[in-house]
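Chemist: let's see this in three dimensions:
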Amino acid sequence: MNDHRQRIVTLDLEGVLIPEIWVAVAERTGIDELRRTTRDEPDYDVLMRQRLQLLEENDLTMSVITDVIAGLRPMPGAEEFLTQLRAEYQVLILSDTFEQFARPFMRQLSWPTIWCHQLIVQDDRIVDYRLRLKDQKRRAVEALTSLEFTVVAAGDSYNDTTMLAAAHVGFLFRAPENVRREFDFLALDDYDELFAAIRAAFSDVR
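Modeler: Residues are numbered from 1 along each chain as shown. Below is the predicted model:
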């Protein structure tokens, strides 16, 4: 690796460090259609419009979703993995979740840096959402590489694949079989394996 390049790891959030929030909401409310995530639908706007319609049709409030999130915890081993990773590298979480959803998890994970989107909430109803940037994960990695960072990325879903492709090295982590089949990234399922792969990737990049 070129000595002047600093190293940074970019990680997805849901499915990598924390459970899928919308799946948890589906389990609490019985609205099975909310189980659909970016592991299933490549077009994020299509997915979010479906979710907003379901929230309206089922009279589901922001308070209910907040209560679901309050009962969730990071995945087993995620806190230790992130602490170990941050001790050696800069870490940036790039997520298509929302500030209102992410904040409780950031507290549990000792406040890592996260770039994500915003919900528009009126009278306890989620009425719309505001993207930070379209395809923000890819664009963030491209910006980091233009600033002379060496970037290694990990994610699990369709919406992570452009980030993985833009990084110097990208890994799928606990990705479903449909994503593994469609994209040629090394797929891992264990935090220790992922940490070792990240370390090896930084050693191999020249």
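
Chemist: how about residue 125, what does it touch?
Modeler: 55, 56, 61, 62 (CB atoms under 8 Å, 6 or more residues apart in numbering). Every C-beta, even on glycine, is put in place using the N, C-alpha and C of the backbone.

Chemist: could you rerun that using 10 Å?
Modeler: Listed by CB atoms under 10 Å, 6 or more residues apart in numbering, the contact partners of residue 125 are 52, 55, 56, 59, 60, 61, 62, 63.

Chemist: buried subset of these?
Modeler: Among those, those classed as buried by 16 or more other CB atoms under 10 Å are 52, 55, 60, 62.

Chemist: what about those, which are in helices?
Modeler: If you go by DSSP state H, the buried ones among the contacts of residue 125 have 52, 55, 62 in helices.

Chemist: circling back: of the buried ones among the contacts of residue 125, which is the nearest to residue 10?
Modeler: Nearest to residue 10 among the buried ones among the contacts of residue 125 is residue 52, at 27.4 Å by CB to CB.

Chemist: in this protein, which spans are helices?
Modeler: Assigned by DSSP H, the chain shows helices spanning 21-29, 44-57, 62-70, 78-88, 99-108, 136-146, 161-166, 177-182, 191-204.

Chemist: and for the closest residue to residue 8 other than its chain neighbours, the neighbour number?
Modeler: The shortest distance from residue 8 to any non-neighbouring residue, by CB to CB, 6 or more residues apart in numbering, is to residue 90 (4.2 Å). Applying other CB atoms under 10 Å, we find 15 residues neighbouring residue 90.

Chemist: quick check: residue 90 touching residue 9?
Modeler: Yes - Residue 90 lies in contact with residue 9 (CB atoms under 10 Å); the separation is 7.1 Å.

Chemist: now for the two: what residues contact both?
Modeler: In contact with both residue 90 and residue 9: residue 151, using CB under 10 Å, 6+ apart.

Chemist: so where is the protein shaky, pLDDT-wise?
Modeler: The chain contains residues with pLDDT under 70 at 1-4, 206.

Chemist: swap the cut-off to 50 and go again
Modeler: 1-2 (pLDDT under 50).

Chemist: residue 116 contacts residue 93, doesn't it?
Modeler: Yes - counting by CB under 10 Å, residue 116 touches residue 93, with 7.8 Å between them.

Chemist: so which of these two has more stuff around it?
Modeler: More crowded of residue 116 and residue 93, by other CB under 10 Å: residue 93, with 23 against 20.

Chemist: distance of the more buried one from residue 6?
Modeler: Residue 93 is 17 Å from residue 6, where distance means CB to CB, to the nearest Å.

Chemist: swap in residue 163?
Modeler: Residue 163 is 18 Å from residue 6, by CB to CB.

Chemist: quick one, which of these two is more surrounded?
Modeler: Using other CB under 10 Å, the more surrounded residue of residue 163 and residue 6 is residue 163, with 25 against 13.

Chemist: find the nearest non-adjacent residue to that one, please.
Modeler: With sequence-adjacent residues excluded and distances taken as CB to CB, 6+ apart, residue 163 is closest to residue 137, at 3.7 Å.

Chemist: can you get me a residue count around the one you found?
Modeler: As a burial measure, residue 137 scores 24 neighbours (other CB under 10 Å).

Chemist: thanks again, I'm all set now.
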